[in-house]
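> have a look at this prediction, sequence included:
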Amino acid sequence: MPSDPTAYTLVASNGGYQLDMSTQELRANLQSQNDEVKLETLRAIIVSTLNGEQHASLLMPIIQYVLPSKNKQLKKMLQFYWEVCPKLDSEGKLKQEMILVCNAVRNDLQHPNEYIRGSTLRFLQKIKEPEILDPLIPTVRQCLEHRHSYVRKNAVMAIWTIYQRHEQLIVDAPELMEEFLANESDATCKRNALLMLVHCAPERAVEYLSNVMSQVPVMDELMQLAVIELTRQDSKNENANLQEYIQVVSELLASSSHAVKYEAAITLAGLAHNVPAVKAVASALIELTVQESDNNVKLIVLDRLDGLRQRHEHVLDPLVIDLLRVLSSSDMDVRKKVLDMALDMISIRTVEEVVLILRKELSKTSHSQEANVDYRQLLIKSLHTCAVRFSEVAGDVMHELMNFLGDSGSTSAVDVIAFVREVVERFPDMRESILAKLLSSFSDFRNGKVYRGALWVVGDYCMSINSVNDAMQQIRNVLGEVPILAAEERAAEHTEQPATEDEPASAPRTVPTTRVRADGTYATESAFTVEAPMERSNSRNKPPLRSLILFGDFYTASVLAATLVKLVLRYLTLSSNEAANNKLRAEAMLIMTSIVRVGQSKYVAAKIDEDSKERIMTCLQILGRATISLDEAHAAAEIFLEASRDAYAHLLQHEREKESERSDRNQTEVSIQPHTQLSFRLLGDSKAQGEEVDFEAELSRATGMSAVPKDDFISKLQRVVQLTGFSDPIYAEAYVDVHQFDILLDILVVNQTQETFQNMSVELATLGDLKLVERPSTYTLAPYSFQSIKATIKVSSTETGVIFGNIVYERASGGASSTGDSSYVVLNDIHVDVMDYISPSVVNETQFRSMWTGFEWENKVNVKTNLSLAGECGFLSANLSASSLFGEDALANVSIERLDDGTIQGHVRIRSKTQGIALSLGDKITLVR
């Protein structure tokens, strides 16, 4: 749009020409007969002019030797030069030489080549001096009648720009555009003329629209967009005919153009707030998302749709089925956005259809050849949310999800078993069917985490004798023959070759292994082990739970021991058959004893750790004393059968409370004080509605020109960095203004001497992922004067960068040093704060552990301070996560304790994918601890 002040012509630098040529050399090159030499010389003059050089003496040589040329490239480069060269003298009057330029521009406006005319008209849009434009107005008006549409459309834009800047030069521009619009046939020309009327004479634009209202649906795409902008602008007036505007914009929702459909939908959302109009807008946006192939456009449209849904709660809920059509996209960000919106739109009427669609999508991921693990995991979480919120579909959903418990190479099975635990606790009526399905799938499990979750569910929710017997039978099947050690010895005798006497026995060796707990800390375990001579491939043919134990997963074995205790204690409380009770208890004790013995043998990949051994032995002792002391049996039953499940119930309740608080924070709270004046929507202006989309504000925010709240004075002072000392000849300080992806340095330079400094410049350099965009210009600094110099630094990653440099200057004649000798003042370093580019993020435990394992860079910061913890607590262990503007993730694990003398001691481990962010955060923590 011509009213945009931030419009520049950029000339790319070229290493083929020199910028340090003298004026005589430039003049000689301009007089050359070679057009290429003139072109490169003129390019060098333009770049030098942009850098602050005046070159006033070269204006006449350019007019004399370059302006008459008919070379098209020279003509284009001349237009660039006329744009940047000084056109006024010291008194602010137009230079006499520019009269010759006006004559040349008039000739180009009358040139028989339409492209030269059009290019010249575009050049006039960048000229602001009325003295140059005034004699060219008649010629510009004549271009409106040119036979070629390229000339006419640029003539309209030129008149628009001239009228906005200098209305007195062409007072009848609105009438001229109205006549032009009535007689014009080209769509682009009509669109430009209509837009000019919209912004300069809106009443004439409204009159034109009222005459062609019936033709809008069949107009060209550009004209339709102009009509939409007209309706958007005029709808703010009190006398606007909103009903006609709503009708014409509603008809444009069916346009085949995606741009028209999008603009019409957004405009209609601001014009009408009734339910049919909102649904029509949402349907158009959904259809646009399905048809559009660009994923970025899909995300933008989905954001608009989500904003519309939040402004009109529950109005768009019936459209959730249509929204799920967008899942056909292959982009994960689009799918995640769609599923997040769909989960908020589900109601009791649509939940069954939504679940059916999600189940179909889930079946596609299981049958597809390509690995789509992330999408499958996303669908599983969505189905779980549906099952928890709507008990009517929980049964079918959980039975469908439990088919994925056998996945061993992904986290889907782990998520499913976690969902099974939650559903079994929340819906008691479904426990029996889910337990039956779970027990029948025991032999399909391949993951230790899945087995641990399934064993916990079996141990806590098997409430009958039959279910306990079924659980024990499944445990026998997945564990295999017991005692395990004796069975493995017999199997080894049949398979292994007899060892020779000269062959050395397996020697003990040190195996460094890393175990990470759920809180992110490292587990302490013995690294001294004996290499198992048995081939690992042999254990893959064994029952699944037995294979896990032989591979060294004794954490799962300890969970199995606790499950056996729960099953036996439950059986003892339900059965009065002494023989059956003793048989079951003896079998459970045999299994636990067998696990401990095989864990100490050579047939396992890693010896049993002390924690797991102690846990299993405790369970073994509880079963051994269950019949000796009745009080001990009751105490054990209370701990194993009730306390464990109660703790999980409290955990779920806490999660529900956190989710409720999160949803309350996300909701828009409208607080009105008792003394607030009543606002009637029908009697007030559009601002009183509070729901209309402010397109100008959004455009300003997108272009960075919005009235963003500035920092207060104190916060600005905190960003001022002193670069030199007070005793230096030049004092310098910089205000560091940090934007998203760049840093703006506003450097104040003060001459503290009585001498004049010439060719003074600030030379900057960077360390890290920082890049200096442009080199600051050279200045002359008078005695005791100051100069503000701006420099832009580009940031490409979240690392602690360093900006350093010096000030270079030359003393004028008469100074202590001879003229031409350069002096230097070294600047203090400016360190880029990593906290300006990083913000907290939220991840669940599974994501944290996955990223913690995958990140290769770690920085450990030791903490020792006299500060005390808030509240009565002897230790603190927490996991933290953050993300940067560049998509980089950082994790931290805090593990500290309070010693007897009151000091706090511990460490903070920081992990990230890149080394820079880990070191930067570590340095920041070291400074503030």
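Arrived safely, thanks for sending.
> so what touches the helix or strand encompassing residue 24?
Counting by DSSP states H and E, the element that carries residue 24 is helix 23-30. By C-beta atoms under 8 Å, 6 or more residues apart in numbering, the residues outside helix 23-30 that reach it are 21, 37-38, 40-42, 44-45, 55, 57-58, 61-62, 65-66. From N, CA and C alone the C-beta is placed, and that goes for glycine too.
> please pick the buried ones from those residues.
21, 38, 40-42, 44-45, 55, 58, 61-62, 65-66 (16 or more other C-beta atoms under 10 Å).
> just those: which are in helices?
38, 40, 41, 42, 44, 45, 61 (DSSP state H).
> okay, the residues you listed in CSV with pLDDT and distance to residue 264 next?
Below are those laid out as CSV (pLDDT from 0 to 100; distance: C-beta to C-beta, whole Å):
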residue, pLDDT, distance to residue 264
38, 89, 51
40, 88, 50
41, 88, 52
42, 88, 47
44, 86, 50
45, 87, 49
61, 87, 55
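> state the pLDDT value of residue 547.
Predicted confidence (pLDDT) for residue 547: 91.
> that one: neighbour count?
Counted by other C-beta atoms under 10 Å, the residues lying close to residue 547 total 19.
> how close does it sit to residue 446?
9 Å (C-beta to C-beta, to the nearest Å).
> and if you look at residue 206?
71 Å.
> have a look at the two and say which one is more surrounded.
Each of residue 206 and residue 446 had its neighbours counted (other C-beta under 10 Å), and the higher figure belongs to residue 206 (20 against 15).
> any chance you could map the helices in the stretch 651-800 of the chain?
For the stretch 651-800 of the chain, helices defined by DSSP state H, counting those that start in this stretch occupy the ranges 695-702, 713-718.
> that should have said the stretch 451-600 of the chain, apologies.
465-479, 484-495, 536-539, 544-550, 554-574, 578-599.
> turn these into TSV, including distance to residue 430.
Compiled in TSV, the helices of the stretch 451-600 of the chain are given as follows (distance: least, C-beta to C-beta, whole Å):
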stretch	distance to residue 430
helix 465-479	14
helix 484-495	35
helix 536-539	36
helix 544-550	25
helix 554-574	20
helix 578-599	27
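> quick check, residue 254 in a helix?
No - Residue 254 is assigned coil when assessed by DSSP: H, G, I helix; E, B strand; the rest coil, not a helix.
> from what I see, residue 787 and residue 781 are in contact.
Yes - using C-beta atoms under 8 Å, residue 787 is in contact with residue 781, at 5.9 Å.
> give me the more crowded residue out of the two.
residue 781 (23 against 19).
> so what sits opposite that one in the bridge?
residue 757 (DSSP bridges).
> just the pLDDT for it.
At residue 781, the pLDDT value in this model is 88.
> got it, and the one 4 residues further on?
Residue 785 is assigned a pLDDT of 92 by the prediction.
> could you pull up the residues touching it?
Residue 785 neighbours (C-beta under 8 Å, 6+ apart): 750, 751.
> what sits closest to residue 850 if chain neighbours are left out?
Using C-beta to C-beta, 6 or more residues apart in numbering and skipping residues adjacent in sequence, the residue nearest residue 850 is residue 411, 7.2 Å away.
> and that neighbour, how far from residue 376?
Residue 411 is 10 Å from residue 376, by C-beta to C-beta.
> repeat that for residue 722.
For residue 722 relative to residue 376 (C-beta to C-beta), the value is 57 Å.
> for the stretch 601-750 of the chain, which segments count as strands?
Taking DSSP state E, counting those that start in this stretch, the strands of the stretch 601-750 of the chain run over residues 720-722, 730-738, 742-751.
> can you list contacts of the first one?
The contact list for strand 720-722 (C-beta under 8 Å, 6+ apart) reads 733, 734, 735, 736, 828, 830.
> can I assume the fifth one sits in a helix?
No - with the criterion set as three-state DSSP, the secondary structure at residue 828 is coil rather than a helix.
> how about the nearest residue to it, chain neighbours excluded?
residue 723 is the one closest to residue 828 (C-beta to C-beta, 6+ apart), at 5.1 Å.
> who are the contact partners of that neighbour?
By C-beta under 8 Å, 6+ apart, the contact list for residue 723 reads 732, 733, 734, 747, 827, 828, 830.
> looking at the residues you listed, which is nearest residue 397?
Comparing the contacts of residue 723 against residue 397 with C-beta to C-beta picks out residue 830 as the nearest, at 56.4 Å.
> what's across from that closest one in the sheet?
With DSSP bridges as the rule, residue 830 is bridged to residue 803.
> try residue 895
Applying DSSP bridges to residue 895 yields these beta-bridge partners: residue 877, residue 907.
> what's the pLDDT at it?
Residue 895 carries a pLDDT score of 90 in this model.
> so it versus residue 804, what's the distance?
To residue 804, residue 895 is 37 Å away according to C-beta to C-beta.
> can you tell me the closest non-neighbouring residue to residue 741?
Nearest residue to residue 741, sequence neighbours excluded (C-beta to C-beta, 6+ apart): residue 795, at 5.6 Å.
> in this structure that neighbour contacts residue 770, no?
Yes - with contact defined as C-beta under 8 Å, residue 795 counts as touching residue 770 (6.1 Å).
> who touches both of those two?
Overlap of the contact sets of residue 795 and residue 770 (by C-beta under 8 Å, 6+ apart) consists of 743, 801, 832.
> which residue, other than its chain neighbours, is closest to the first one?
Distance criterion C-beta to C-beta, 6+ apart; nearest residue to residue 743, sequence neighbours excluded, is residue 793 at 4.2 Å.
> equivalent analysis for residue 636, please.
residue 622 is the one closest to residue 636 (C-beta to C-beta, 6+ apart), at 5.0 Å.
> what about that neighbour, how many residues nearby?
21.
> likewise for residue 741?
As a burial measure, residue 741 scores 11 neighbours (other C-beta under 10 Å).
> per-residue pLDDT of it, please?
Looking at residue 741, its pLDDT stands at 76.
> identify the contacts common to residue 787 and residue 781.
Here residue 787 and residue 781 share the contacting residues 749, 760, scored by C-beta under 8 Å, 6+ apart.
> could you list the low-pLDDT ranges of the stretch 501-650 of the chain?
Within the stretch 501-650 of the chain, the stretches with pLDDT under 70 are 501-540, 626-634.
> try 50 this time
By pLDDT under 50, the weakly predicted segments of the stretch 501-650 of the chain are 501-511, 525-537.
> for the stretch 801-929 of the chain, same thing?
Looking at the stretch 801-929 of the chain by pLDDT under 50, you get 815-818.
> how far away is the residue nearest to residue 741 from residue 916?
Residue 795 is 12 Å from residue 916, by C-beta to C-beta.
> next one: residue 104
Per C-beta to C-beta, residue 104 is found 55 Å from residue 916.
> check residue 599 too.
Plainly put, residue 599 is 44 Å away from residue 916 if you go by C-beta to C-beta.
> who's more crowded, the two?
More neighbours surround residue 599 than the other of residue 599 and residue 916, with 23 against 18 (other C-beta under 10 Å).
> thinking the more buried one is in contact with residue 608, fair?
Yes - under the criterion of C-beta under 8 Å, residue 599 makes contact with residue 608 at 2.9 Å.
> need the residues touching each of the two.
With C-beta under 8 Å, 6+ apart, residue 599 and residue 608 have common neighbours 554, 557.
> give me every residue that touches residue 404.
Counted by C-beta under 8 Å, 6+ apart, residue 404 has contacts 366, 376, 380, 412, 413, 416.
> correction: residue 209
Counting by C-beta under 8 Å, 6+ apart, residue 209 touches 216, 227, 230, 231.
> please redo it, this time with the cut-off set to 6 Å
Neighbouring residues of residue 209 by C-beta atoms under 6 Å, 6 or more residues apart in numbering: residue 230.
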